[in-house]
Structures are given as C-alpha cells and as structure tokens.
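> Take a look and give me a structure for this.
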Amino acid sequence: MQTLTLGKTGLTVSELCLGTMTWGTQNSEAEGHAQMDLALDHGVTFWDTAEMYPVNPVRSETVGRTEEIIGTWIAARGGRDRVVIATKITGKGQVVRAGAPITGATMRAAVDGSLRRLQTDYIDLYQLHWPNRGSYHFRQAWRYAPTGTDKIAETASMTEILTTAQALVAEGKIRAIGLSNESVWGAARWLHLADMLGLPRMATVQNEYSLLCRQFDTDWAELSLIEDMPLLAFSPLATGLLSGKYAGDVIPDGSRRSLNPDLSGRVTPQVFPAVAAYMGVAARHGLDPCQMAIAFCRSRPFTTIPIIGATTLEQLQTNIGAAGLELAPEVLEDIAETHRAYPAPY
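Here you go, the predicted model:
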C-alpha cells in the first residue's frame, strides 16, 4: 500500500481510504470492526466517516452510530495514532441539529460530539459535508441554478467558520479542515480568505468521482492540481454499479439497491449500457472491474484518493486489491473511448 502526503497538511495517508457509511445500518458493529481490522492489516490507514452516518437511510435515531462504532474499535484495539480519521459536520437541510446551517457555534458543538463518539482527543481531517449555500452534487446539476448568493454575507460566514477552525486547531481538537460537495467558486473563495486572513486552508475536497461521474475533470481538476487540494473520491464504484452486480436491472438481496432502489438517481436508462461497456473493457484486459474502476481514479493527473466502501469482507478485500494497480495505456485509451460514448449516464 503506497502512502502519500495529504496536500499541504503534512499528514501521511494511504492511497486508498476506508469508507464507513454502512456501519450501523447494513453492517453491524462487529462487521464494522472486522472491516477496520482487515483494512489496517493491508495498510489502509486513512478512514472517512461523518456525524450523520450511517446512511441508507439517514435517520435521526441512527445519526452518529458509525462514529460510535469506530470509537468502540479504538477503545478495544488502541493505537489511535495508527490511523488518520476524517469526519464531517452536517449542514443545512439535514436531520442533524434540525437542519441548521454550519456556523462557528454549530461547528464547535459538532466537533465535540464527534470526539466523544469516536473516543479520541483529535480529528485529523474535519470536513464540511455541504456548503450552506447549496450544491449541484447528487444529480442536482440537471436543474441547478445559482442562487445569487450574497457575497458579503457568504464571506462573513466563511470567515467565521475558518476562524473557529483556527481555534480548534490551536486547541488540538482538529489537525486540518476540508470541503465536501463543493463547487470551484466555493473552494476558490475559501482558499482566498485563508490566504488573505492567515486562517486555516481548506486542504481537501470530497466530491463524487467515478467512471460514470466525471464532473471533476475540468475546472475542478485544474484547481485541485494547482492548489494541491486532493480529491477524496466518494462512490468510485458508483454505489456498486461498476461491479456489475446490478446488470440486467436486478436488485440483489441485502444490497444497497434493496434499500435505495434508484441509488439516489444513478439508475437511469443510460446507465446499464455504460456499465456494460466498462465491464467489457475490464474483460478484454483481464481486469477485475472494481479494481479497474478504483485504479482509474488513482491514475488521474490530480491527486485522487478513492474512498472504498463495502458491506462484506470479500468486497473490501477485492477493492483493497486495487492498491498499486497501474492501468496500461491501452486500458486508459479504451476507457477514454467509452467515456466519449457515455459521457454522463446519470
């Protein structure tokens, strides 16, 4: 397992990140612990969670359960310094804190709650799950219209959050701060304010990215590369679509699709022909389709760390097997041709 420096944070992380969002719904505490054990045994030392997890579905009665499962693992196994833990504050419109927006006060309360559930003294990377002003992610791009955000008010809000982050860093509660489901304008504004005011710099962005979802490949790719802001790519297997297990529009028992039939808008008439084409690429080159999809994310010209999630140890073992896999030029060319044929299947 290769390691790399996480942008400008100074943190050293594994090239793959362990996703945890099913622990507490699709996975039990014991299964979550087993996944953490397996991941650590294979050198996956970077783990991502959020205060609102588990998902599928998100419910007020299970909010925070995934962090609690990580916390009981830390309490039982020890060695907190063996892993780099990222979590997130939930923002506007979600079930946590009655959907209150992110402010300095809610951020401080959320950090304290996560620390308590994780049974740790510090969070390595603390991320804003959504921008307060809204987002075009999760299939909202099809109807997205900028809202004419009040730049003065937005600047004041961002400054307050960065100032709180500076205090939390000084107190030793967080080590770095990052973004999620953010736009290029938003990221650029955060970076500008940090540089101008001497406040903590947004270190990373966690946006969706896969063979089927490549919004990041243009303006975001340029900003990510030039500003050394790595992409933490969530859903690199497109919620399992790229494994082929839903081929023929089937819904296997116990799968994510059994709980979320359209996979949050990813199941469309166009998606299965695209999946079949990528499965064909993998077959022609003798590759496991999951490993090919994950390795593709790692091949990009901007730093990308795929977040690999699983509901079984077998799935996790396969996904970890993508570590160190370099795709041959002819594979990448086949992928490029397939992308041109199916540029936006959902």
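
> what are the ranges of the helices in the chain?
Using DSSP state H, the helices of the chain run over 29-41, 65-77, 104-118, 151-170, 184-197, 219-226, 256-259, 271-284, 289-298, 313-320, 329-341.

> out of those, which comes closest to residue 9?
Closest to residue 9 of the helices of the chain, according to Cβ to Cβ: helix 151-170, at 10.8 Å. Placement of C-beta: from N, CA and C, glycine included.

> what does that closest one contact?
Residues from elsewhere that reach helix 151-170, judged by Cβ atoms under 8 Å, 6 or more residues apart in numbering: 101-104, 107-108, 111, 126, 128, 132-133, 174-177, 189-190, 193-194, 197, 199-200.

> In PyMOL, select just the buried ones from the residues you listed.
Buried residues within those, by 16 or more other Cβ atoms under 10 Å, are selected in PyMOL with:
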select buried, resi 102+104+107+108+111+126+128+132+133+174+175+176+177+189+190+193+194+199+200
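
> need the least confident one among the helices of the chain, by mean pLDDT.
Looking at the helices of the chain, the lowest mean pLDDT belongs to helix 256-259 (a mean of 94).

> in it, what's buried?
256-257.

> Dump it to CSV, restricted to CA.
The C-alpha trace of helix 256-259 is given here as CSV (Å, rounded to 0.1, in the frame of the first residue of the first chain):
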residue,chain,number,x,y,z
ARG,A,256,-27.6,-1.0,-1.3
ARG,A,257,-30.2,-1.0,-4.0
SER,A,258,-32.5,-3.1,-1.9
LEU,A,259,-32.7,-0.1,0.4
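
> Quick one: list the elements packing against that helix.
Based on contacts counted as 3 or more Cβ pairs under 8 Å, 6 or more residues apart in numbering; DSSP states H and E, there is no element that helix 256-259 packs against.

> So which residues make contact with it?
By Cβ under 8 Å, 6+ apart, the list of residues contacting helix 256-259 from outside reads 22, 25-26, 56-57, 239-240, 246, 251-252, 263, 267, 311.

> filter these to the buried ones?
Among the contacts of helix 256-259, the ones that count as buried by 16+ other Cβ under 10 Å are 22, 25-26, 56, 239-240, 246, 263, 267, 311.

> Find the centremost residue of this structure, please.
residue 234 (3.6 Å; Cα atoms, centre = their mean).
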